[in-house]
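**Student:** return a 3D structure for these sequence lines:
(chains A, B, C and D)
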Protein chains: 4
Amino acid sequence: MARDTRTYAWPAGKRCAVVFSADVDAESPYLWANRGQPIGTMGQLELRRFGPRVGLHRLLELLDRFEVKGSFYVPGIVAETYTSILPELVERGHEVGLHGYHHEAVHQISEAENAAILDRCLEVFRRQVGHATYGYRSPAWELTPEVHRLLRARGLAYDSSLMGYDHPYSIEGMAEIPVQWLTDDAIYFRFFGSGNDAWHPANPRAVLESWIEEFEGIRQFGGLFMITVHPWISGRAQRIRMLQALLDHIAQYDDVWWTTAAEVAAYHVSSENAAVFEEPMRLVDTNF
Amino acid sequence: MARDTRTYAWPAGKRCAVVFSADVDAESPYLWANRGQPIGTMGQLELRRFGPRVGLHRLLELLDRFEVKGSFYVPGIVAETYTSILPELVERGHEVGLHGYHHEAVHQISEAENAAILDRCLEVFRRQVGHATYGYRSPAWELTPEVHRLLRARGLAYDSSLMGYDHPYSIEGMAEIPVQWLTDDAIYFRFFGSGNDAWHPANPRAVLESWIEEFEGIRQFGGLFMITVHPWISGRAQRIRMLQALLDHIAQYDDVWWTTAAEVAAYHVSSENAAVFEEPMRLVDTNF
Amino acid sequence: MARDTRTYAWPAGKRCAVVFSADVDAESPYLWANRGQPIGTMGQLELRRFGPRVGLHRLLELLDRFEVKGSFYVPGIVAETYTSILPELVERGHEVGLHGYHHEAVHQISEAENAAILDRCLEVFRRQVGHATYGYRSPAWELTPEVHRLLRARGLAYDSSLMGYDHPYSIEGMAEIPVQWLTDDAIYFRFFGSGNDAWHPANPRAVLESWIEEFEGIRQFGGLFMITVHPWISGRAQRIRMLQALLDHIAQYDDVWWTTAAEVAAYHVSSENAAVFEEPMRLVDTNF
Amino acid sequence: MARDTRTYAWPAGKRCAVVFSADVDAESPYLWANRGQPIGTMGQLELRRFGPRVGLHRLLELLDRFEVKGSFYVPGIVAETYTSILPELVERGHEVGLHGYHHEAVHQISEAENAAILDRCLEVFRRQVGHATYGYRSPAWELTPEVHRLLRARGLAYDSSLMGYDHPYSIEGMAEIPVQWLTDDAIYFRFFGSGNDAWHPANPRAVLESWIEEFEGIRQFGGLFMITVHPWISGRAQRIRMLQALLDHIAQYDDVWWTTAAEVAAYHVSSENAAVFEEPMRLVDTNF
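**Tutor:** Now for the predicted structure:
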């Protein structure tokens, strides 16, 4: 067990990294959940459109106030429905990355379908904002060995869907920029009112407390603090205030590397960390 | 994305609006859920009757203390069961609006049934409190393009069931006075004890914190702060205290327009906002 | 709506009443849920036996410290399994009342079965602690018109299972001493770990805040503050501390009538309140 | 009811005991839940591997800072997958105990299978860290009379799976070192994101408040404060901070016996407590 007590080596002067990421889903998960059956109601569509109409703009203004660049993962259908999103994000200096076409659950469709979706998304990104080495975040944060291989085969910059460490690591040589459920806004605030929600929207002060505690711990242990928000959720007024308070808290430290997932991945693969924190692809035997 | 960074234009001197609304459901959602099968138990009926017996009166006294007029949405069956409700609300200067007859889920019944229900409700309202241009809030806050068209065809003043902005907007020319799940009391406090509740009643202080944060954000961004309560839920003693504290907080500001949904809608359609924030009726294609 | 703005008339010098009640369920709800199928596991049985082994004693010592008499509702099977419970409660001056035999859900069994269960419970009580005019609280707080009639036919002192007011009232002439979900311990703290719990045990400080807010509101509006605890739940160490803090808070007021449900019921039926707050038995028509 | 008002007799100078225990599950419950069907996804595997990769080390360093020895329950498959875990735990002076092979639910498999699993686990432990009188904690904290008998037949030191007291007791002569749901980390923080979670991860400050209240109550009543954590859950940065704060709080008292479950069990069976708090094996009759 000796190896893992080693801490992750960040650039000189930095104790930890912070990435502000957004999954710009808009209507896409709802389309995926209702694929093949017509949608006849307006409620959830309007609720989700608050994202591209209002929430995304508030988030961009918030990041501007802190002079921070974020990492925005945009499903293909969202980019094609709201055609100004990708160009404006790139123009303002933010990273954009892949996030499925219809926000598909990658483990529920075939490898061939996953390959076609990746290529279709790359085509949309290249057409709208040009060629680049894009990063990838899977919809719903699930991955299979087959999809992981497809990402590597296409030379994508990194994956950002798994939680095996709280700092960057590598799987089969590809950078993994880990997410974490506890710093995802949706699990606290998403609410559809359909009768199927498992809890009510959280008090944003309680979430702020929890996130500040996680940030302090990540800084203490030298990890990556990955925030994930959704414009239709965190664009709501009280949550912009919560994020403002969180960023105010982080901004008091000089030893925090505030950057994008793409920059973290580039640093990771060019550093000794890539070898130290390399994990094999390893499923398990349940035939017992 | 340029348009939406424009802020909503409120009357001179006002930064935002506040509407205190109540869905006076009493037994009606329970009747709808059990339609066609006899109800043989007393528990939920008594629980819900706390609303017309006690809760509604406490809410009216609370509003009187702040000299505020509210917007009360009353199902037809409730108006016909408790015949003093509509007349007393109107006499005390509050707005009354439509809310279904048996608190029907509009997307689960036919367009013809929806049309008949709207006409039946209008007949009840006209008989009890006279002709007026009533506003509409759908039971359970769901809407379809067909029902939206029925509302427009009857010349209703506005709809108040959707969440596409956090200020008024228009859909196909009709004012939408948006609600929001996070400022609805039921999602935090409703509890039936039937073994099917997904969470226990919230601590009212935590809800107060969350609502004050939302109000502060709405005031910051220039939106509409729409509170929705239910007499059988928020009429409980601790929640009247919570609402008192919330209204005390809001009352400290001079730049808040404290009004009814009807007045907000009338202002909206007569202002430039109606053109700036006009959205088309647009469903989506899930045939992929 | 004029009548209900009248406040409940308490004895001279008292603004409100407080009743500390306990449902001494022990294993009984688990037996009822598993009736007809053998129980082969020890987990929930041991968990629930913490009540008669430890929790009940801690509660009794707590009440002694405040010199308060409580109202304890004991299922017949519990009284027959732990034969010292009823006698000790009576000897220490507390009220004991009926609570089903196997903690049956009264609406899931026939009227004849309900009648037999009531008579069986009365027989157990009379045998163990003598003849008295016992009060009744239904298991799971559900009631039917048929069971209500059975209670009246047996001359029981009151029912304490419904929530139509937050002060005593009458239904068909029998006193109703209302309970309330929000001041029941089980909905916040009960946890079985079976994978079916809908939420984790609450922070007792948050529940304390909520209960104090409810007490303050009940005192303000002149109602009845009915606390309900379960020995196997509230006998846990942190919850005894929470209850101690709650009772400390209440004890600071001189205008609180701290009493039993039986005494509240006796007062109610002998006062003008019984006529003012009389409600008919009224189910509803769902044949639409 | 007289007997149980007796308090548990701790060693001279000690008012209560504290045991810090960990269930080192890693992937094992996921394997058990998916037995017989192949696992094709990476999400939960990576999430759980955070435990052996990172979380366990952080917990060990935390205990070292307080010079505390913990009790670690390790499934056989985990010990065989991560072969350094058992030896390192023993080398650092901690107790190790049995916890199933594949984290089986003991009540869902036959007595013969349970016997074979116990023997297989004992063989792994003996091979990796030698012969000792190991203690036992059942996976998922469920037990049957048959498994209890198997534990006794093998001379295991104690069981630690039940909740019938909040101090040690005996069942059929074998020491029971009780756990408690409310001081288990998993029920507050475990989150899979699969759409089946019943609540979001708790604010660690609220859990800290609740646990401190329980500790204070246990100290007041003279019980055993049993903390249970899981490395993949409590190894997360914010939770290590929470545990640090909890241990800081406990460390201020001189009258707390901070020890392992094995030492508590040895004390229990050698003291008068074993006779005072002896309970029979007793299931119940549900044939009514």
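**Student:** interface residues of the stretch 51-200 of chain A facing chain C?
**Tutor:** Applying C-beta under 8 Å from any C-beta of the partner chain, we find that the stretch 51-200 of chain A lies next to chain C at A:198, A:199. Any C-beta I mention is one placed from the backbone N, CA and C, and that applies to glycine too.
**Student:** which residues in the stretch 51-200 of chain A form strands?
**Tutor:** A:71-74, A:95-98, A:169-171, A:174-176 (DSSP state E, counting those that start in this stretch).
**Student:** what is the second one packed up against?
**Tutor:** When you say that, I think you mean strand A:95-98. Identification of packing neighbours for strand A:95-98 by 3 or more C-beta pairs under 8 Å, 6 or more residues apart in numbering or on different chains; DSSP states H and E yields strand A:71-74, helix A:85-91, helix A:111-129, helix A:261-270.
**Student:** same thing but 7 Å
**Tutor:** strand A:71-74, helix A:85-91, helix A:111-129 (3 or more C-beta pairs under 7 Å, 6 or more residues apart in numbering or on different chains; DSSP states H and E).
**Student:** now the last one
**Tutor:** Strand A:174-176 makes packing contacts with helix A:261-270 when contacts are defined by 3+ C-beta pairs under 7 Å, 6+ apart.
**Student:** chain center to the helix it packs on, what's the gap?
**Tutor:** 15 Å (C-alpha atoms, centre = their mean, to the nearest Å).
**Student:** got a list of contacts for that helix?
**Tutor:** For helix A:261-270, the external contacting residues (C-beta atoms under 7 Å, 6 or more residues apart in numbering or on different chains) are A:11, A:17, A:19, A:21, A:71, A:95, A:135, A:157-158, A:160, A:168, A:175, A:177, A:224, A:274.
**Student:** restricted to buried residues, select those in ChimeraX.
**Tutor:** Buried members of the contacts of helix A:261-270, defined by 16 or more other C-beta atoms under 10 Å in any protein chain shown, are picked up in ChimeraX with:
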select /A:17,19,21,71,95,135,157,158,160,168,175,177,224,274
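**Student:** whichever residue of chain A sits closest to chain D and residue D:242, how far apart?
**Tutor:** Going by C-beta to the nearest C-beta, chain D is nearest to residue A:217 of chain A, at 2.6 Å. Using C-beta to C-beta, to the nearest Å, residue A:217 is found at 9 Å from residue D:242.
**Student:** could you pull up the contacting residues of residue A:140?
**Tutor:** Residue A:140 neighbours (C-beta under 7 Å, 6+ apart): residue A:105.
**Student:** now with 10 Å, please.
**Tutor:** Going by C-beta atoms under 10 Å, 6 or more residues apart in numbering or on different chains, residue A:140 touches A:23, A:29, A:32, A:100, A:103-108, A:161, D:43, D:193-195.
**Student:** nearest to chain C, of these?
**Tutor:** Out of the contacts of residue A:140, the member with the shortest distance to chain C (by C-beta to the nearest C-beta) is residue D:194, at 13.3 Å.
**Student:** can you say which of the contacts of residue A:140 are buried?
**Tutor:** A:23, A:29, A:32, A:100, A:103, A:104, A:105, A:106, A:107, A:161, D:43, D:193.
**Student:** which residue, other than its chain neighbours, is closest to the last one?
**Tutor:** Nearest non-adjacent residue to residue D:193, counting by C-beta to C-beta, 6 or more residues apart in numbering or on different chains: residue A:181, 5.3 Å away.
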